[in-house]
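In: Got a sequence here, can you model it:
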Amino acid sequence: MLIEPPIYLTALMQDFLIAGGKVQVREFHETEEISRLPERLVFNCTGLGAKALFKDEELTPVKGQLTFLLLQPEIEYSVVPGRLYMFSRQDGIVLGGTHDEGNWSLDVDNQIRDQIVAKHKEFFDSMRAC
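Out: The predicted structure follows:
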């Protein structure tokens, strides 16, 4: 089963707010600050910041890079050939397939983008011979 994040996350946030939930963006420097919060339930959305906040020396980033193609309404399927993946969505087509352990960079790597597109092209071109 696949979900479309822009649709699902918007609906989830609306349901949360309708039910009385509140979103507060805060910066924490020590874990003790979290324990002093009056809320009984706190969602940890610190991402890579959890390494410093929780002094977790085992946390290792894994960078995955996505490439988005323009919407093509005639494409109504997804494929997962090997380590690649392509998901058709209402806002475009998502291409992926990278897994770079230990990479802290948040920057787009144009060379990786080009490799993702080339590998997908190679996969679809191979189907022409069938």
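
In: Three-state assignment for Phe28, please.
Out: coil (DSSP: H, G, I helix; E, B strand; the rest coil).

In: what does stretch 42-56 rub up against?
Out: In this structure, residues lying in contact with stretch 42-56 by CB atoms under 8 Å, 6 or more residues apart in numbering are Phe28, His29, Glu30, Thr31, Ile34, Glu57, Leu59, Pro61, Trp104. No exception for glycine: its C-beta is placed from N, CA and C like everyone else's.

In: Between which two of these is the distance greatest?
Out: Greatest spatial distance in those: Ile34 and Trp104, 23.5 Å, computed using CB to CB.

In: Look at those two and report which has more neighbours.
Out: Between Ile34 and Trp104, counted using other CB atoms under 10 Å, Ile34 has the larger neighbour count: 15 against 10.

In: For Gly82, see how far away the more buried one is.
Out: Look at Ile34 and Gly82: by CB to CB, to the nearest Å, they are 41 Å apart.

In: now swap in Ile3 and tell me
Out: From Ile3 to Gly82 the distance is 23 Å (CB to CB).

In: quick one, which of these two is more surrounded?
Out: Ile3 (12 against 8).

In: Now for that one: which residues touch it?
Out: No contacts exist for Ile3 under CB under 8 Å, 6+ apart.

In: Sticking with it, tell me its helix or strand.
Out: In this structure, Ile3 sits in neither a helix nor a strand according to DSSP states H and E.
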